[in-house]
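Enquirer: Dropping a prediction and its sequence here:
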Amino acid sequence: MTLVEIHADVDPAISVAEAGRIVDEVKSRLIGCIADVSHVVVELNSGVFEPETLRVER
């Protein structure tokens, strides 16, 4: 059993649904092509700056 963790850069203009389809495809291909891989964790990155904390003003 092998766990693979990868980071995938995606176009920030695509929808969340499309990003989800990309993640599913990446997982399926890795598990299908590499015999020992049983779990895949994909972290999506859009290249857009995301601050550690967001200020909320009332």
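Expert: The structure has been received and is ready for your questions.

Enquirer: So for the particular helix or strand that has Glu18 in it, mean pLDDT?
Expert: Glu18 is part of helix 16-33 when elements are defined by DSSP states H and E. When the per-residue pLDDT values of helix 16-33 are averaged, the result is 94.

Enquirer: any idea which helix or strand comes after it?
Expert: Next in sequence after helix 16-33, counting helices and strands by DSSP H and E, comes strand 37-45.

Enquirer: in its sheet, what does that next one sit against?
Expert: On the basis of DSSP bridges, the sheet neighbours of strand 37-45 come out as strand 2-9 (parallel).

Enquirer: who touches the partner strand?
Expert: With contacts defined as CB atoms under 8 Å, 6 or more residues apart in numbering, strand 2-9 is touched by 22-23, 26, 30, 34, 36-47. All C-beta spots, glycine's among them, are computed from the backbone N, C-alpha and C.

Enquirer: If we use 7 Å, what do you get?
Expert: Contacts of strand 2-9 from elsewhere in the structure, counted by CB atoms under 7 Å, 6 or more residues apart in numbering, are 22, 26, 30, 36-45, 47.

Enquirer: any idea of the mean pLDDT for it?
Expert: The predicted model gives strand 2-9 an average pLDDT of 92.

Enquirer: hey, C-alpha coordinates of that strand in CSV?
Expert: Below are the C-alpha coordinates for strand 2-9, written out as CSV (Å, rounded to 0.1, in the frame of the first residue of the first chain):
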residue,chain,number,x,y,z
THR,A,2,1.5,3.3,-1.0
LEU,A,3,0.1,6.8,-0.5
VAL,A,4,0.9,9.5,-3.1
GLU,A,5,0.4,13.2,-2.3
ILE,A,6,0.7,15.7,-5.2
HIS,A,7,0.1,19.3,-5.8
ALA,A,8,-1.8,20.2,-9.0
ASP,A,9,-1.8,23.7,-10.5
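
Enquirer: I am finished for the moment; much appreciated.
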